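1. got a structure for you, letters missing:
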């Protein structure tokens, strides 16, 4: 026979975890809903341990209807930036979006785990045998991802890229050029080394 004490021992940690996760989701939603430039659509689904950094003077951050953000999502929208996430978009665990300019993600798009979007690069100067990289100055260009796209796990999208509608980007790809609509991109594991 199972004792009351052993049941409490098993259920108590689960109850505490559930309460903590509920409080985390509430805090995440509050960060988004309190910001005057953030628009949250219907039925936003939030996982646990998501991190939103939304600067006070962003232009716009739109989350469409039925957006689902799994666990450990990291989103930064800096002053003057625009982030638009369309209806029915799904971001899997550990995705990251860092928006200094403009990023738009079309409806019904799915991200695998650990997808990264960067609409900027650090500014740098190279002369002879010296490389100077700025920690606080950036070059930027918008990213646009079309409707009905699937980005596989560990995909990285860099600044200035436009991905058309109905595209598949295979796992592990680094996308630095535009991808036309109805395309499939895969990683053939070639390594190119460029030296000066």
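-> Looks like it came in fine. Source: prediction; values computed, not measured. Numbers count the residues shown, from 1 in each chain.
2. lowest-confidence helix or strand of this protein?
-> Across the helices and strands of the chain, mean confidence by mean pLDDT, DSSP states H and E is lowest for helix 4-34: a mean of 81.
3. which helices and strands sit right next to that helix?
-> Secondary-structure packing of helix 4-34 (3 or more Cβ pairs under 8 Å, 6 or more residues apart in numbering; DSSP states H and E): strand 38-40, strand 45-46, strand 51-54. C-beta coordinates here come from the backbone N, C-alpha and C atoms, glycine included.
4. hang on, isn't residue 48 packed against residue 23?
-> No. The pair residue 48 / residue 23 is not scored as a contact, 10.0 Å apart, by Cβ atoms under 8 Å.
5. ok, those two, which is more surrounded?
-> More neighbours surround residue 48 than the other of residue 48 and residue 23, with 15 against 10 (other Cβ atoms under 10 Å).
6. partner residues bridging residue 99?
-> residue 77 (DSSP bridges).
7. how about residue 185, what does it touch?
-> Neighbouring residues of residue 185 by Cβ atoms under 8 Å, 6 or more residues apart in numbering: 167-170, 173, 175, 179.
8. For these, which entry has the maximal number of neighbours?
-> residue 169 (26 neighbours).
9. Tell me, what's the model's pLDDT at it?
-> On the pLDDT scale, residue 169 is placed at 95.
10. again, but for the one 5 residues further on
-> Among the per-residue scores, residue 174 shows a pLDDT of 95.
11. right, and it touches residue 161 too?
-> No. Residue 174 lies out of contact with residue 161 (Cβ under 8 Å); the separation is 10.2 Å.
12. Those two: which is more packed in?
-> Each of residue 174 and residue 161 has its neighbours counted (other Cβ under 10 Å); residue 161 has more, 20 against 12.
13. ok, that one to residue 43 distance?
-> 29 Å (Cβ to Cβ, to the nearest Å).
14. right, and out of the contacts of residue 185, which lies closest to residue 57?
-> residue 175 (29.2 Å; Cβ to Cβ).
15. ok, now how distant is that closest one from residue 23?
-> Taken as Cβ to Cβ, the span from residue 175 to residue 23 is 37 Å.
16. And for residue 141?
-> Taking Cβ to Cβ, one finds residue 141 at 38 Å from residue 23.
17. now do residue 87
-> 28 Å.
18. Could you do residue 38 as well?
-> With distances taken as Cβ to Cβ, residue 38 is found 20 Å from residue 23.
19. Let me see the contact set for the closest residue to residue 64 other than its chain neighbours.
-> Setting aside the residues directly before and after it, residue 64 is nearest to residue 87 in space (Cβ to Cβ, 6 or more residues apart in numbering), at 3.8 Å. Residue 87 makes contacts with 41, 64-67, 107-108, as judged by Cβ under 8 Å, 6+ apart.
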